[in-house]
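Visitor: from the sequence below, what's the structure:
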Amino acid sequence: MKLRALKAAFPHTIPILAGFLFLGMTYGIYMSSLGFSFVYPMGMAMIIFAGSMEFVTANLLVGAFDPLQAFLMTLMINARHLFYGLAMLDKYNIPGLKRLYLIFGMADETFSVNCTAQPPQGVDRGWFMFFVTLLNQSYWVLGATLGGLFGMVLHFNTEGLDFVMTAMFVVIFLENWLKEKDHTSALLGLGLSVLCLMVFGPEKFIIPAMVCIMLALTALRSRLEKGGEAA
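Guide: Next up, the predicted model:
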């Protein structure tokens, strides 16, 4: 059962494999440029596993010790996971310790896959989501470790590598668009995100956009569910 779930999960994580390896290596090389051993990016990838926060943590480690600032910054950067958690309450309501790891390992990319992908018939959903999460974290740990090792001997400009993740999200969005017949929720998300981007700016639009999307989808829930049943 576990092996079938692993085989079913792996194809869904291939785009994330490419993105996490490149971006993880960028992070590892960045840590190396700050004078840290490869052990630091490897350990942070295992324990923190929050890409954006790991880059910020690198700067916090070389600055003045301020735990309150670190806490508030972490809360602000990862506040979007509050909305991810609300969206996954039903799907993550599974028995056993798997649920604890799923909660810990829910990154943006893992949320995208676990929220939309349907495991094949006969494959346990809990184990499917577990292996999606485990594979994604493994890719990030591997990329960060390799980057830390390469950064000790190689020096090159990594500008632009982070666009890999943007391209990956575009692919996931297009895949879901092609699978769905009713694009109301997708168009709603795009429209509200653009609106919040214009109002709040690129640095602060994510949380307001998620709040607006959550409120709009809640208000239209009955309509969207009826449309899905009809389709």
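Visitor: which parts of the lengthiest helix in the chain are buried?
Guide: What stands out as the longest helix in the chain, according to DSSP state H, is helix 2-33. In terms of neighbour count (16 or more other CB atoms under 10 Å), helix 2-33 has its buried residues at 4-6, 8-9, 12-13, 15-32. No exception for glycine: its C-beta is placed from N, CA and C like everyone else's.
Visitor: give the contact list for residue 48.
Guide: By CB atoms under 8 Å, 6 or more residues apart in numbering, residue 48 lies in contact with 54, 57.
Visitor: domain assignment for this protein?
Guide: For the chain, the domain assignment from automatic domain parsing gives the residue ranges 2-159, 180-231.
Visitor: how far out from the middle of the chain is the shortest one?
Guide: Chain-centre distance of domain 180-231: 18 Å, with CA atoms, centre = their mean, to the nearest Å.
Visitor: ditto for the longest one
Guide: Domain 2-159 has its C-alpha centroid displaced from the chain centroid by 7 Å (CA atoms, centre = their mean).
Visitor: mind listing residues that contact stretch 137-150?
Guide: For stretch 137-150, using CB under 8 Å, 6+ apart, the contacting residues are 13, 16-17, 20-32, 36-42, 44-46, 49, 51, 54, 105, 107.
Visitor: using CSV, write out every CA atom in that stretch.
Guide: Once non-C-alpha atoms are left out, stretch 137-150 reads as follows in CSV (Å, rounded to 0.1, in the frame of the first residue of the first chain):
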residue,chain,number,x,y,z
GLN,A,137,11.0,18.2,1.5
SER,A,138,13.6,15.6,0.4
TYR,A,139,14.2,17.7,-2.8
TRP,A,140,14.6,20.9,-0.8
VAL,A,141,17.0,19.2,1.6
LEU,A,142,19.0,17.7,-1.2
GLY,A,143,19.2,21.0,-3.1
ALA,A,144,20.2,23.0,-0.1
THR,A,145,22.9,20.5,0.9
LEU,A,146,24.3,20.4,-2.7
GLY,A,147,24.3,24.1,-2.8
GLY,A,148,26.2,24.4,0.5
LEU,A,149,28.8,21.9,-0.8
PHE,A,150,29.2,23.5,-4.2
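Visitor: average pLDDT for that stretch?
Guide: Across stretch 137-150, pLDDT averages out at 94.
Visitor: make residue 1 into 2 and carry on from there
Guide: Right, with 2 as the first residue, what we last looked at is stretch 138-151.
Visitor: could you pull out the buried residues of stretch 81-92?
Guide: Using 16+ other CB under 10 Å as the test for burial, stretch 81-92 gives 81-82, 84-85, 88-89.
Visitor: in TSV: those residues, plus pLDDT.
Guide: Output for these, formatted as TSV (pLDDT from 0 to 100):
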residue	pLDDT
81	75
82	83
84	79
85	84
88	84
89	90
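Visitor: coming back round to it: so the very next helix or strand once past the longest helix of the chain versus helix 3-34, what angle?
Guide: Going down the chain from helix 3-34, the next helix or strand is helix 40-48, by DSSP states H and E. Helix 40-48 and helix 3-34 are oriented at 140 degrees to each other (axes from the mean of the first three to the mean of the last three CA atoms, to 10 degrees).
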